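Chemist: predicted model and sequence below, questions to follow.
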Amino acid sequence: MNEIWKLIGDSSPRGIAAAIARHITSGELAPGDRLPTVRELGATLGVSPATVSHAWQALSQAGLIESRGRAGSFVRQHPRAWLPPRMLGLAAGAELAPDAAHLDLSRGTPDPLLLPTLGPALSRVSVHAETASYHELPVIPALGRVLDESWPYRAESLTVVDGALDAVSRSLEAVVRFGDTVVLENPGFPAFFDLVSALGATVVPVAIDENGIVPSALAAAMLQGPSAIVLQPRAQNPTGASMPVERAHELARVITASRNGSRVMVIEDDHSGAISTAPAVSLGQWIPAQVLHVRSFSKSHGPDLRIAALGGPAELIDRIVSRRMLGPGWTSRMVQRILADLLTDGTALDEVTEARRQYYSRQKALSAELALRGVHAASGAEGAALPDGINLWLPVANERAALVQLAAVGIRVAPGSPFLAGGAVHAGAGTGTARGLGSVPGVGPGFVRVTAGMVRGNAAAVAEALAAAALPGPPAFYTLEA
């Protein structure tokens, strides 16, 4: 038998699972490798087959291994070659059966029960998908008026595209060239790292705190002459940080004071929009000619609407619209009419307001229960502001071990490594009393992202399981079942 099995020191189910998870993360066990049978490994470790079976179940629920019946258990292969690298890391385990986890807190998507009802809006939309010309304006007037009235600054031009990531992608393609540098938040949204790599540009990671990008970090990054800065002004994914107007103004001053400041374009992804408890804010209030602002409606009105607004300098917006006319052309005007209805209908507005209240209550309940157990989300600092939106960023003693232990009790969370540039740890992080610890992706001190917006109840039990997985200490198992 392979020597790695004999090196497992902790022969509890949690210890076996954690050790094998580390071997998978390090590459010692590759996708498709066959694992020993429960009897074989049990005999090697001097434990019962049932003990090994419990470890196998935890690894399976974490999406790391799979059973092939009589052929045995194998390290899971992820055939999703169409996913970019970091998004593939987030998708691990997503192909499991829906009932494989009692509570899936890994996806970063809104609670379907809190989305506004589409039926009334659909009943008011034309029964025909009418478009008189392929060359009509890309934004229907009714939606354009609503967007213009709610925009956080006076943008020269507005258009709509197929979701926030589409908007950010098209914005980056318009301003970034091969070999450029791009400033990204660290931690930040994994797809942004993939986008910058796909464009042949180099990421300049900048630290964030509970108020967004740290001004001194941005000042240092500006010395590298970036062509773009991508930031999330509200409900930052993964930390839930929202930027107050004072921080936005300070960042604008840093940019204008920089020698290269006049050449940089700021791309703002306001992905949570109406479910954010923080007011809308944009650097466009001070440097409008250098800002492309994105507002998504996926979290507030439904991911499958696939629609986001993009505003900024007319020259850039026109260039983006022109290029888009050679591809999809426009965002469905039927979908635009549905969104315009939802943004003006009193009942739909009340439903979104209630969703915002519910997400705030769920964040507050889970954060309070975690704090009682010595774990603090986001900045890792006691007394820090509640995470905004639907996600929180949880420091853990060992990322991979935390994923496995939580899967064993029926909770799935997202690994933190895809959100980090090079596996670096957020500067202010802490688990208990440990702060500022370095990290190798998936091994050692790190993070997991928890979609707190999906914790509809039983926050104490969820926090107990999260804290047990986050804090260093002896094995502890909890169940969500009554």
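Modeler: Yep, that arrived. Everything numeric here is computed off the predicted structure, so don't read it as measured data.
Chemist: what about residue 119, distance to residue 348?
Modeler: Going from residue 119 to residue 348 by C-beta to C-beta, to the nearest Å gives 11 Å. (Each C-beta comes from the backbone N, C-alpha and C, glycine too.)
Chemist: tell me, how many residues neighbour the residue lying closest to residue 7 once chain neighbours are set aside?
Modeler: Distances taken as C-beta to C-beta, 6 or more residues apart in numbering place residue 19 nearest to residue 7, at 7.6 Å, with adjacent residues excluded. By other C-beta atoms under 10 Å, 20 other residues sit near residue 19.
Chemist: I'd like the numbering to begin with 31 instead of 1 from here.
Modeler: Right, with 31 as the first residue, what we last looked at is residue 49.
Chemist: surely residue 49 meets residue 43?
Modeler: No: assessed by C-beta atoms under 8 Å, residue 49 is found out of contact with residue 43, at 11.1 Å.
Chemist: name the SS class of residue 212, please.
Modeler: Here residue 212 is strand, with the state taken from DSSP: H, G, I helix; E, B strand; the rest coil.
Chemist: if I look at the residue nearest to residue 37, how far off is residue 60?
Modeler: According to C-beta to C-beta, residue 49 and residue 60 sit 16 Å apart.
Chemist: still on that earlier bit, higher neighbour count, residue 149 and residue 378?
Modeler: Relative neighbour count places residue 378 above the other of residue 149 and residue 378, with 21 against 8, counting by other C-beta under 10 Å.
Chemist: that one should be in a strand, yeah?
Modeler: No: under three-state DSSP, residue 378 falls outside any strand and is assigned helix.
Chemist: state the pLDDT value of it.
Modeler: The model reports residue 378 with a pLDDT of 95.
Chemist: can I assume it is in contact with residue 145?
Modeler: No: using C-beta under 8 Å, residue 378 is not in contact with residue 145; the gap is 9.9 Å.
Chemist: now do the helix or strand harbouring residue 279: which elements does it pack against?
Modeler: Take DSSP states H and E as the rule and residue 279 turns out to sit in helix 275-287. Secondary structure elements in contact with helix 275-287, counted by 3 or more C-beta pairs under 8 Å, 6 or more residues apart in numbering; DSSP states H and E, are strand 242-243, helix 245-252.
Chemist: save those as a markdown table, and put in mean neighbour count, distance to residue 437 and mean pLDDT too.
Modeler: As requested, the helices and strands packed on helix 275-287 are exported to a markdown table (neighbours: other C-beta atoms under 10 Å; distance: least, C-beta to C-beta, whole Å; pLDDT from 0 to 100):
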| stretch | mean neighbour count | distance to residue 437 | mean pLDDT |
| --- | --- | --- | --- |
| strand 242-243 | 27 | 32 | 96 |
| helix 245-252 | 18 | 34 | 97 |
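Chemist: now these in JSON lines, with distance to residue 54?
Modeler: Listed next are the helices and strands packed on helix 275-287 as JSON lines, based on distance: least, C-beta to C-beta, whole Å:
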{"stretch": "strand 242-243", "distance to residue 54": "34"}
{"stretch": "helix 245-252", "distance to residue 54": "33"}
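Chemist: right, and those - which one's nearest residue 235?
Modeler: Closest approach to residue 235 among the helices and strands packed on helix 275-287 is made by helix 245-252 (8.2 Å; C-beta to C-beta).
Chemist: the helices in the stretch 231-380 of the chain, which residues?
Modeler: Along the stretch 231-380 of the chain, the segments classed as helices by DSSP state H, counting those that start in this stretch run 245-252, 275-287, 328-331, 344-354, 363-372, 376-402.
Chemist: most tightly surrounded among those helices?
Modeler: Among the helices of the stretch 231-380 of the chain, helix 328-331 has the highest mean neighbour count (mean count of other C-beta atoms under 10 Å), at a mean of 25.
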